[in-house]
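Novice: Whatever this is, show me its structure:
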Amino acid sequence: MSASTQPPSWCLVRLDDNGNEFVVRTDLSRAAAEALAREFEARGHKQSYWVRAQQPCGPDERRKDR
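Specialist: You can find the predicted model right below:
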């Protein structure tokens, strides 16, 4: 499957009390990302969680330690 025909990957993002955004998990299906966001929010954390589509990264941007 080429990159253009693969379903998009989604990530879970957290906003902390100081306004900092952090990517919590990557390479999820949309359903898995949304379920994980609900799970974290159900724990009663003050932080906000949401999902967003990941931008495809080029070869230069991929992590070397994977």
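
Novice: center of this structure - which residue?
Specialist: Nearest to the geometric centre of the chain sits Cys11, at 1.3 Å (Cα atoms, centre = their mean).

Novice: Just confirm it is within a strand.
Specialist: Yes: counting by DSSP: H, G, I helix; E, B strand; the rest coil, Cys11 is located in a strand.

Novice: In this structure it contacts Ala33, no?
Specialist: Yes: at 6.6 Å, Cys11 and Ala33 qualify as touching, with contact defined as Cβ atoms under 8 Å. Every residue, glycine included, has its C-beta placed from N, CA and C.

Novice: could you dump stretch 38-45 to PDB, C-alpha only?
Specialist: Output of stretch 38-45 as PDB, limited to C-alpha atoms (Å, rounded to 0.1, in the frame of the first residue of the first chain):
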ATOM      1  CA  ARG A  38     -12.000   9.000  26.800                       C
ATOM      2  CA  GLU A  39     -10.100   6.700  29.000                       C
ATOM      3  CA  PHE A  40      -7.700   9.400  30.200                       C
ATOM      4  CA  GLU A  41     -10.500  12.000  30.600                       C
ATOM      5  CA  ALA A  42     -12.500   9.500  32.700                       C
ATOM      6  CA  ARG A  43      -9.600   9.300  35.200                       C
ATOM      7  CA  GLY A  44     -10.400  12.800  36.300                       C
ATOM      8  CA  HIS A  45      -7.200  14.600  35.200                       C
END
